[in-house]
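**Student:** heads up, no residue letters with this:
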């Protein structure tokens, strides 16, 4: 039988691993590179990375933590938004990295100090981990499209 601590350990491994993969995939990417829309329409790296942070805030909220940014102010990174329509609003890639690092630190700290998940939140936490895996893979492909070497070996 699974214990609550095993569920938390699973989430900790996911958050740590996802954070590492995301960090590696964005390493060495300039703001200008992050703003390139493949095929002139596919989501740019800036939007995908900002979207990851936007959804991480929901993860933090589920765990009882504050968001790392104002969700209304950064709503152009929300699910369903068309990145190309917001290209003039997307924030500097280096600033996004700062927000990401804050979210990583807050998630890890919370997961290291929590005793249990509310049973009704386990499904959402699972889906949020899957969401990060999905988009971290996209960042890896975008990295290659930008002519950078792959970093996950």
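**Tutor:** Here it is on my side, so go on. Keep in mind it's a predicted model, so treat the numbers as computed, not measured. Residues are numbered from 1 along each chain as shown.
**Student:** Now for the residue positioned nearest the centre of the chain: which residues touch it?
**Tutor:** With distances taken as C-alpha atoms, centre = their mean, residue 52 lies nearest the centre of the chain, 2.8 Å away. By C-beta atoms under 8 Å, 6 or more residues apart in numbering, residue 52 lies in contact with 22, 100, 131, 132, 135, 136. For every residue, glycine as well, the C-beta is placed using N, CA and C.
**Student:** Going by secondary structure, the last one is in what exactly?
**Tutor:** Remark: residue 136 resides in helix 122-145, with elements defined by DSSP states H and E.
**Student:** again, but for the second one
**Tutor:** When secondary structure is defined by DSSP H and E, residue 100 falls within helix 93-112.
**Student:** Report the angle between that helix and helix 122-145.
**Tutor:** 150 degrees (axes from the mean of the first three to the mean of the last three C-alpha atoms, to 10 degrees).
**Student:** Which positions in helix 93-112 come out as buried?
**Tutor:** 93, 96, 97, 99, 100, 102, 103, 104, 106, 107, 110, 111 (16 or more other C-beta atoms under 10 Å).
**Student:** Kindly provide the distance from residue 149 to residue 27.
**Tutor:** Distance of residue 149 to residue 27, computed by C-beta to C-beta, to the nearest Å: 10 Å.
**Student:** do the same with residue 110
**Tutor:** Distance, residue 110 to residue 27, using C-beta to C-beta: 25 Å.
**Student:** residues contacting residue 38?
**Tutor:** 44, 142, 145.
**Student:** Please repeat the previous calculation with a cut-off of 10 Å.
**Tutor:** Residue 38 makes contacts with 44, 45, 141, 142, 145, 146, as judged by C-beta atoms under 10 Å, 6 or more residues apart in numbering.
**Student:** for stretch 5-13, which positions count as buried?
**Tutor:** For stretch 5-13, using 16+ other C-beta under 10 Å, the buried residues are 7, 8, 11, 12.
**Student:** Now do the worst-scoring helix or strand of the chain on mean pLDDT and helix 93-112, the angle between them.
**Tutor:** Every helix and strand of the chain was ranked by mean pLDDT, DSSP states H and E. The lowest is helix 4-26, at a mean of 93. In terms of direction (the same axes, to 10 degrees), helix 4-26 departs from helix 93-112 by 170 degrees.
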